[in-house]
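K.L.:
Take this sequence and fold it.
(chains A and B)
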Amino acid sequence: MPHTLDRRRLLATAALGGVVGATGLGSLAPDAAFAAGPATVEPGAPDPNFVEGRISKISGHLLLVTGSDTVLHSIRITDGTSIWKLHPTTFDQVAIGDGLYARGVRLPDGTLAADSVWVNIVNLHAHIAAVGRNLLHLDHKGQRIVAHVVPGRSAAVYNGTPAISDLSLLRVGRHVQVLGAWHPDTNEIDIATVYAAA
Amino acid sequence: MAAIRGEVSWFCCGTAWGPCGTAGGGACGTCRSGNYQHAWPNTSDACWAITHPDTCGLSMSRRTCGFRHYTTNLCNGARVGTTIADCGPQTDLFCGERTCCGSACGSNRIIDLTPAAFSAIGSLSVGLRPCSVDTV
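P.N.:
Presented below is the predicted three-dimensional model:
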């Protein structure tokens, strides 16, 4: 199957050459892309091809990231890197101060050539404490978090049903999983998908 | 253990940014978002009392910190091995929930992976996938 090509190896090779053809890498369906390449990391161990942290500097197409464990990382963004920030987006939407998770392949100099970067992504388990106009107040581990409904983007999945844009069925007290994008300046989030229990 | 089929999601733990900053090291004290680890609903009596997979008709084996499971994303066949580092997911809160990729479906939340582990078999932006979990 053509989609099972080793995307990461191809990306790394291309990144080392300095040029990546977007049309050669950008068309893979998400699950097909992640099917490529067996995981060789020992269970329980850190994955050297994965980075988490906050962006401290942007230099050209290089992100300098400070890990939450204070380790510094360099991440190279190529034409083939998929970037998510509430929705699939472009490199110019990435900002200093953003949090991220990134997956790719390590180059010989230690830089991570990114296959995928998820910017400010959060996946919270919470209870709905209050419902306002186009927002939810969430109780997440004892903290209140404001979650904004983004017209045209936010969707709800009610106990496994197909995602719909109508969030009006969400009720105070219900348990939800909220996939969204964090705002570093306010600590609020925008909702991508809210999964609601029955 | 025969493979069990259900749903897999992801969670953050360890030192982290944003709302994840309060997550901590999980029930085992060792959980890190960048490690190949997972949460399991039956790590102890106290854990079981929170997650109650039996409410959904599931009888999941008792496994403790460090035990290895292998999770397969039924949407693409990708597989990752991880060790238990936390208690979860809260299976009983989503009883009967069903996720499918075409004809490949999973019902009920049986495992949560760290971002490093989940992103090895699927995109973090998807958030929920049908899966099978086994021990070999």
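K.L.:
Any idea how far the strand with the most length in chain A is from the middle of the chain?
P.N.:
Among all segments of chain A classified by DSSP state E, the strand with the greatest residue count is strand A:121-132. Taking Cα atoms, centre = their mean, to the nearest Å, the mean C-alpha location of strand A:121-132 is offset from the chain mean by 18 Å.
K.L.:
next one: stretch A:49-60
P.N.:
For stretch A:49-60, the distance to the chain centre is 13 Å (Cα atoms, centre = their mean).
K.L.:
Tell me the helices and strands packed up against the longest strand seen in chain B.
P.N.:
As assigned by DSSP E, the longest strand anywhere in chain B is strand B:79-87. In terms of contacts (3 or more Cβ pairs under 8 Å, 6 or more residues apart in numbering or on different chains; DSSP states H and E), strand B:79-87 is packed against strand B:37-40, helix B:45-51, strand B:68-73, strand B:109-113, helix B:115-121. The C-beta positions use only the backbone N, C-alpha and C, and glycine is treated the same way.
K.L.:
Direction included, what does that strand pair up with?
P.N.:
strand B:37-40 (parallel), strand B:68-73 (antiparallel) (DSSP bridges).
K.L.:
Need the contact partners of the shortest one.
P.N.:
Which is strand B:37-40. With contacts defined as Cβ atoms under 8 Å, 6 or more residues apart in numbering or on different chains, strand B:37-40 is touched by A:43-44, B:11, B:13, B:26-27, B:30-31, B:47, B:60, B:63, B:67, B:69, B:71, B:82-89, B:111-114, B:117.
K.L.:
And the longest one, by the same measure?
P.N.:
Contacts to strand B:68-73, defined as Cβ under 8 Å, 6+ apart, come from residues A:31, A:34-35, A:43-44, B:8, B:38, B:40, B:63, B:78-84, B:111, B:113, B:117, B:121-122, B:129-136.
K.L.:
List buried residues within these.
P.N.:
Buried by 16 or more other Cβ atoms under 10 Å in any protein chain shown: A:31, A:34-35, A:43-44, B:8, B:38, B:40, B:63, B:78-84, B:111, B:113, B:117, B:121-122, B:129-133, out of the contacts of strand B:68-73.
K.L.:
Quick check: the gap between residue A:71 and residue B:85.
P.N.:
19 Å (Cβ to Cβ, to the nearest Å).
K.L.:
ditto for residue A:125
P.N.:
16 Å.
K.L.:
In terms of neighbours, single out the busier of these two.
P.N.:
Comparing residue A:125 with residue B:85 by other Cβ atoms under 10 Å in any protein chain shown, the one with more neighbours is residue B:85, at 27 against 19.
K.L.:
mind listing the helices for chain A?
P.N.:
A:7-17, A:22-25, A:30-35 (DSSP state H).
K.L.:
average pLDDT across the first one?
P.N.:
Helix A:7-17 shows an average pLDDT of 51 in the prediction.
K.L.:
Take the helices and strands packed on strand B:79-87 and write them to TSV, including mean pLDDT and distance to residue A:171.
P.N.:
Formatted as TSV, the helices and strands packed on strand B:79-87 follow (pLDDT from 0 to 100; distance: least, Cβ to Cβ, whole Å):
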stretch	mean pLDDT	distance to residue A:171
strand B:37-40	98	26
helix B:45-51	96	22
strand B:68-73	98	31
strand B:109-113	97	20
helix B:115-121	97	29
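K.L.:
Return the most buried member of these.
P.N.:
strand B:37-40 (a mean of 30; mean count of other Cβ atoms under 10 Å in any protein chain shown).
K.L.:
Let me see the contact set for residue B:113.
P.N.:
B:8, B:9, B:10, B:11, B:37, B:38, B:71, B:80, B:82, B:121.
K.L.:
Go again with 6 Å.
P.N.:
B:10, B:38 (Cβ atoms under 6 Å, 6 or more residues apart in numbering or on different chains).
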